[in-house]
Every structure is written in C-alpha cells, then in structure tokens.
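K.L.:
A predicted structure for the sequence below; I have some questions about it.
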Amino acid sequence: MIHPFSEYRALFPILKTTVQLSSCSQSALSLPVKEAIEKYMTSWVSDGMDWESWMEAVEGSCAEFARLIGAERDEIAILGSVSDAASSIVSCLDLTGSRKTLVCSELDFPSLGHVMLAQQARGARVRFVESDQQGISLDAIKRAFDASTALACLSHVSYYNAARINVQTAADNARQNGALLFVDAYQSAGALAIDVKEMGLDILASGAQKFLLGVPGIAFMYVKGAVARQWEPRNTGWFGRSNPFSFDIRTLDFSDHAARFNTGTPPIICAYAAQAGMKLLNEIGSRSIDAYLQHLSLVGREEARLLGLAVAGPIDPGLRGSVISVQISEAAKVEKAMKAAGYIVSARNDVIRVAPHFYNTEDEVVCALRELSKLVS
C-alpha cells in the first residue's frame, strides 16, 4: 500500500533517524507542535505574561477537541489528566442511596480503578468487569449494569492489549439501567473516528500526549450538556466559575456548561501544544486516519504471526484498536534494546506495544517486528 500521508512525514523530524512507534504512550513531535511551544516561550521572554493569548490557546485547544469528537465547544472541559476528569465526575455522585455501584474493567488503566476504589470511603461499591483473551464481551458489559449502578468508567481501547469495547452498546445499557457511562478515550482519540453524538455518549475524556500528538499535563473531557447542568462537582477551582475573572471568593457559582468541571489555571503551555496537534489531525480527518491505522494493524499482526510472535488481544479487527501488543518476558529490557536499534516502542507489564500513527509506514511496522523477533530469539 502506498503511504497515503507521505507528505506529512517531513513534519516529524525524528523519522529521519528513528522509527517512533509509541503513539500509545507518546507520539512523535511534529513541527507545528514544536512551533506552538516556541511561540509560548517567545511570548514569555518578550511579554512576560499574555493572558489574552493564553486564553486563546486554551479556547482553541478545546475547540479542536470538540471538532475531533463531534461535540459542541461548550461541552468540553479542560483538566490536567484523565484521572482528574474521572475524579471530578465521581465527586458529583450521591452514593448514600441504593444506586452506589461504580464499575470499571480489568483492562482499564489502573487510574480508573484507583479513582473508583477511593470512593469506597463515601459508600461506593466497586465492580470490576471481567475480561478474556478477546477483551470484554457484550454479555459482560450488559451484566455490569443493574439498578444499583451509578456510573461505569470503561476504556474505549485497552492500554494493555488494545481490546476495544463497543461504547455505543455500553452507553445503551447504561441508559436502560438509569446509569451513566464515562469513556476513557486515551488510547483511541486521534486514532479511531469518534462521534460522541452518534455513539450516544454521556462523558468522554482523553489526554493529549498519545494519538492527539501533544504533551503530558493536559486532558479534555466531553460532558453531554444535559448531564453537565445537573451536577456540581466538589473537585473545583476558579476556572469552574461562570466568570473566573470576577475573583469573587464568596460565591460558588458554576458555569452553565461543561466548564463547571474545570478547576484551577489551565496548563497553558500544554494547551498551545494540544491545539497544534489536534489541528493537524482535524486537517487530515479522523476517518482517514482510522482506516489507515486499521490497515497497519492488520499488516503488523500478520507479520507477527509469520514471525511466531504471540500477540495479545482480540483477533477480530472490529474488537481491537490499532496497537499491536506482543507478549514478551522482560518487556522493559526489550524496549531499551529496541531503542538502541533505532525503534521506539512502549513496554507495559509483559507486552511490547507497537503503536503506529498516520505518519508511519508499513515497512516501519514490519521492520520493527522483525527486529523484535531477533531480540527475543
């Protein structure tokens, strides 16, 4: 297959010398993102402080995220991490009545489980959805919801083995049981096409450093308008107010929109980077990126099969994300050896994750897996 995005490769300088396949952890630095960070730094040197430009970057990053997932701008909150987003949401829940069960899955990133478990002191019961080699079945998702369920926090794509859940089905089950669904899209936003309206989602959050091409320290959260307006988070700060710049210490008024979930001063420099990264993704189009990454995943999994490498996660392309998780003992050591050989991949527990983005080629994925095979043999 001819690389459909070859003209964009020049925007990623590292590709001249290194094959970066770590978008599940940190994507390659693009020139637009580098220039955005430098713009902030230049302003800091020349102006000392420029709140107007800072707020433009914050607004621009939220607008790009809204565009990427098919949401309205006023349905987007900006926080420091997905952990912060989940903590803000659960802080709104009344866990004193009969509806006190919080749900997450064995394949979620540990932060989600930790946030849920921390609510036990407030009366929560935590239920973990079990998984198998194919991920989380539809039956398991259905069983997660009952009359006691208040909220389920589930990963769209697992950080470990790239198992993908049908979030629309999960959202339907939540709604039928009077519960809400929080989707962690950290491993899918920027790689898979997402439309929160078509999917019927209540809440979705993602950080910027992975497939969104940004840096750590910033996250965006979609909260459906009707859901946002019914809640007053206990985890709050001055940017959650209807007018932060009124500086009224005696008034706890909440924004009419998802901004009520904002807390303190947004991570400004991170917003500059996030806006530039997502603007590039929106220019290309999420559906085109999704289709290409699914192709790279098929190529990679077939090469892994030919090499005799064991790949974790579902076989069915419709049940997985684009990451190829190869099961390997001493994965952290192998990650370092791969880097020495010119390939940046990411280790988690007993897997090496090969996570291409739109700027990667078939040859890069294949050669990385062949190098991996050499190292483990």
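P.N.:
Received, thanks. Numbering: from 1, shown residues only.
K.L.:
can you name the farthest residue from the center of the chain?
P.N.:
Distance to the chain centre peaks in the chain at residue 250, reaching 35.7 Å (criterion: Cα atoms, centre = their mean).
K.L.:
Need the residue closest to the centroid of the chain.
P.N.:
Mean-position check on the chain, Cα atoms, centre = their mean. Result residue 186 at 1.2 Å.
K.L.:
re the thing from before, what's the spacing between the residue farthest from the centre of the chain and residue 256?
P.N.:
20 Å (Cβ to Cβ, to the nearest Å). (C-beta placed from N, C-alpha, C; glycine too.)
K.L.:
cool, and residue 62?
P.N.:
When residue 62 is compared with residue 256 (using Cβ to Cβ), they lie 15 Å apart.
K.L.:
worst-scoring helix or strand of the protein, pLDDT-wise?
P.N.:
helix 138-143 (a mean of 86; mean pLDDT, DSSP states H and E).
K.L.:
list the helices and strands that one packs on?
P.N.:
In terms of contacts (3 or more Cβ pairs under 8 Å, 6 or more residues apart in numbering; DSSP states H and E), helix 138-143 is packed against strand 125-129, helix 167-176.
K.L.:
The very next helix or strand once past it pairs with which strands, parallel or anti?
P.N.:
Moving toward the C-terminus from helix 138-143, the next helix or strand (DSSP states H and E) is strand 149-155. Strand 149-155 sits in its sheet next to strand 101-105 (parallel), strand 180-184 (parallel), going by DSSP bridges.
K.L.:
Now the ones you listed in JSON lines, please, with extra columns for mean neighbour count and distance to residue 40.
P.N.:
Below are the strands paired with strand 149-155 laid out as JSON lines (neighbours: other Cβ atoms under 10 Å; distance: least, Cβ to Cβ, whole Å):
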{"stretch": "strand 101-105", "mean neighbour count": "26", "distance to residue 40": "36"}
{"stretch": "strand 180-184", "mean neighbour count": "26", "distance to residue 40": "28"}
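K.L.:
Just want to check the distance between the residue nearest to the centre of the chain and residue 358.
P.N.:
18 Å.
K.L.:
In this structure residue 23 contacts residue 188, no?
P.N.:
No: look at residue 23 against residue 188 with Cβ atoms under 8 Å: they stay out of range, at 11.3 Å.
K.L.:
Now the common contact residues for these two.
P.N.:
Residues within reach of residue 23 and of residue 188 at once, by Cβ atoms under 8 Å, 6 or more residues apart in numbering, are residue 211.
K.L.:
Among the two, which residue is more densely surrounded?
P.N.:
Remark: of residue 23 and residue 188, residue 23 carries more neighbours, 29 against 26, as counted by other Cβ atoms under 10 Å.
K.L.:
Enumerate every residue touching the more buried one.
P.N.:
191, 210, 211, 355, 356, 357.
K.L.:
Out of those residues, which end up buried?
P.N.:
191, 210, 211, 355, 356, 357 (16 or more other Cβ atoms under 10 Å).
K.L.:
Those: which two are farthest apart?
P.N.:
The two members of the buried ones among the contacts of residue 23 with the most space between them (Cβ to Cβ) are 210 and 356, at 12.3 Å.
K.L.:
Helices along the stretch 151-300 of the chain, start to end?
P.N.:
Along the stretch 151-300 of the chain, counting by DSSP state H, counting those that start in this stretch, helices occupy 167-176, 196-199, 225-228, 268-284, 286-307.
K.L.:
tell me the most buried of the ones you listed?
P.N.:
helix 268-284 (a mean of 23; mean count of other Cβ atoms under 10 Å).
K.L.:
tell me what that helix is packed against?
P.N.:
helix 31-47, helix 51-69.
K.L.:
what angle sits between the shortest one and helix 51-69?
P.N.:
In this case it means helix 31-47. 160 degrees (axes from the mean of the first three to the mean of the last three Cα atoms, to 10 degrees).
K.L.:
Give me the packing partners of helix 31-47, helices and strands only.
P.N.:
So helix 31-47, by 3+ Cβ pairs under 8 Å, 6+ apart, packs with helix 51-69, helix 268-284.
K.L.:
With just CA atoms, put the last one into CSV.
P.N.:
What it means is helix 268-284. The C-alpha coordinates for helix 268-284 follow below in CSV (Å, rounded to 0.1, in the frame of the first residue of the first chain):
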residue,chain,number,x,y,z
ILE,A,268,-1.3,26.9,29.3
ILE,A,269,1.9,25.7,27.5
CYS,A,270,0.2,22.2,27.1
ALA,A,271,-2.8,23.9,25.5
TYR,A,272,-0.5,25.5,22.9
ALA,A,273,0.8,22.1,22.0
ALA,A,274,-2.6,20.4,22.1
GLN,A,275,-4.2,22.9,19.8
ALA,A,276,-1.5,22.5,17.2
GLY,A,277,-1.5,18.7,17.4
MET,A,278,-5.3,18.3,17.1
LYS,A,279,-5.5,21.0,14.4
LEU,A,280,-3.2,18.8,12.3
LEU,A,281,-5.3,15.7,13.0
ASN,A,282,-8.5,17.6,12.0
GLU,A,283,-6.9,18.8,8.8
ILE,A,284,-6.3,15.2,7.8
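K.L.:
what's the spacing between residue 108 and residue 184?
P.N.:
7 Å.
K.L.:
For those two, list the residues in contact with both.
P.N.:
153, 154, 155.
K.L.:
circling back to that earlier point, kindly indicate which of the buried ones among the contacts of residue 23 lies nearest residue 329.
P.N.:
residue 355 (20.1 Å).
K.L.:
got the contact list for the closest one?
P.N.:
21, 22, 23, 24, 25, 322, 323, 324, 345, 346.
K.L.:
count of neighbours near the second one?
P.N.:
For residue 22, the count of nearby residues is 24 (other Cβ under 10 Å).
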